[in-house]
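Trainee: next one to model:
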Amino acid sequence: MASFDPNRFVLEHDQATPKEILRAAYQAFGELTLSFSGAEDVVLIDLALKVAPKEAVHVFALDTGRLHPETYAFIERVREHYGIAIDVRFPDPEAVQALVGEKGLFSFYRDGHQECCGIRKVAPLRARLAGLPMWVTGQRRDQSPGTRSSLQIAEHDHGFGSEASPLYKINPLTHWSSEEVWTYIRMFDVPYNPLHERGFVSIGCEPCTRPTLPGQHEREGRWWWEEQGGKECGLHATNLPSSAPR
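Mentor: I've put the predicted structure just below:
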């Protein structure tokens, strides 16, 4: 792969459809690695398989050990629906045991979610992304106005990449709304988590996710006991205003 310039990619493809963005990303990198957890991610799987051969589409999911039962069933349904392998990644058991042994099972209600997310989500993601040139996410600008309003369709991922091994993040759904995501899901019969039918919009770990009320923003169902700003678990920490390239 020749040197990838995310700024040029944005200039050339910012007004393109998510499908066209994925096609351009596949042409640039020769493969597509997608993180999978929610409705947006399955839309991307559906689109990716329309622009790239199945063997070039790599899908992974993070099993924190605290997911809803419906989410585990959802992961399996997506695997069967598309006939793809899903690389399920788990946290280091010794790190989890040390945290739970020292602080109990629900320390995040007291200390904030970052420590637990760091062990259960960020560390496994870092291991999965090591050495990769790019990954595709389902982020949208309107998901979290406080942290994602300046999201671009292509970015240099300073959080998980390095100068020696640069990593780029492709966000094909940057300009889409939740309504557009669900229009696509209904139109193409894309699988979705049944928790969405029970008021869950943004779905994470079971102890840290609850349904949203009418008029609430979708991220208000996540870590609701904390301040409303900066609702990121660490997977996209570079979205936070105080984040600096490392």
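
Trainee: and the strands in the chain?
Mentor: Per DSSP state E, the chain carries strands over the ranges 32-35, 57-62, 86-89, 134-136, 154-156, 168-170.

Trainee: dump those to TSV, plus distance to Phe9.
Mentor: Backbone N, C-alpha and C define where each C-beta goes, glycine included. Below are the strands of the chain laid out as TSV (distance: least, C-beta to C-beta, whole Å):
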stretch	distance to Phe9
strand 32-35	14
strand 57-62	19
strand 86-89	25
strand 134-136	10
strand 154-156	4
strand 168-170	8
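
Trainee: and those strands: which comes nearest Cys208?
Mentor: For Cys208, the closest of these is strand 57-62, at 13.6 Å, according to C-beta to C-beta.

Trainee: which elements pack onto the closest one?
Mentor: Secondary-structure packing of strand 57-62 (3 or more C-beta pairs under 8 Å, 6 or more residues apart in numbering; DSSP states H and E): strand 32-35, helix 39-51, strand 86-89, helix 123-129.

Trainee: so Ala48 touches Leu34, yeah?
Mentor: Yes: between Ala48 and Leu34 there is a contact at 6.2 Å, judged by C-beta atoms under 8 Å.

Trainee: now Phe188: how far from Leu47?
Mentor: 9 Å (C-beta to C-beta, to the nearest Å).

Trainee: so for those two, which residue has more residues nearby?
Mentor: Taking other C-beta atoms under 10 Å, Phe188 and Leu47 do not tie; Leu47 has more neighbours (25 against 11).

Trainee: quick check: that one touching Ala25?
Mentor: No: in this structure Leu47 lies outside contact range of Ala25 using C-beta under 8 Å: 10.8 Å.

Trainee: what do the two both touch?
Mentor: Counting by C-beta atoms under 8 Å, 6 or more residues apart in numbering, the residues touching both Leu47 and Ala25 are Pro172.

Trainee: go through stretch 198-218 and flag the buried ones.
Mentor: In terms of neighbour count (16 or more other C-beta atoms under 10 Å), stretch 198-218 has its buried residues at 200-205, 208-209, 212, 217-218.

Trainee: before we move on, what about stretch 62-72?
Mentor: Going by neighbour count (16+ other C-beta under 10 Å), the buried part of stretch 62-72 is 62-64, 66-68, 70-71.

Trainee: equivalent analysis for stretch 162-171, please.
Mentor: Within stretch 162-171, the residues scored as buried using 16+ other C-beta under 10 Å are 167-171.

Trainee: now swap in stretch 171-185 and tell me
Mentor: Neighbour-count burial for stretch 171-185, counted by 16+ other C-beta under 10 Å, picks out 171-176, 178, 181-182, 184-185.

Trainee: equivalent analysis for stretch 113-130, please.
Mentor: By 16+ other C-beta under 10 Å, the buried positions in stretch 113-130 come out as 113-114, 116-125, 128-129.

Trainee: just those residues now: which is nearest Gly138?
Mentor: Minimum distance to Gly138 across the buried residues of stretch 113-130 is 14.1 Å, recorded for Leu125 (C-beta to C-beta).

Trainee: isn't the closest one right up against Asp63?
Mentor: No: counting by C-beta under 8 Å, Leu125 does not reach Asp63; the two are 11.7 Å apart.

Trainee: mutual contacts of those two, please.
Mentor: Residues touching both Leu125 and Asp63 by C-beta under 8 Å, 6+ apart: Arg89.

Trainee: could you identify the most distant pair in the buried residues of stretch 62-72?
Mentor: The span of the buried residues of stretch 62-72, defined through C-beta to C-beta, is set by Leu62 and Glu70 at 16.2 Å.

Trainee: coming back round to it: got the strands of the chain as a markdown table, with mean pLDDT columns?
Mentor: Shown next, in a markdown table, are the strands of the chain (pLDDT from 0 to 100):
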| stretch | mean pLDDT |
| --- | --- |
| strand 32-35 | 96 |
| strand 57-62 | 98 |
| strand 86-89 | 97 |
| strand 134-136 | 97 |
| strand 154-156 | 96 |
| strand 168-170 | 97 |
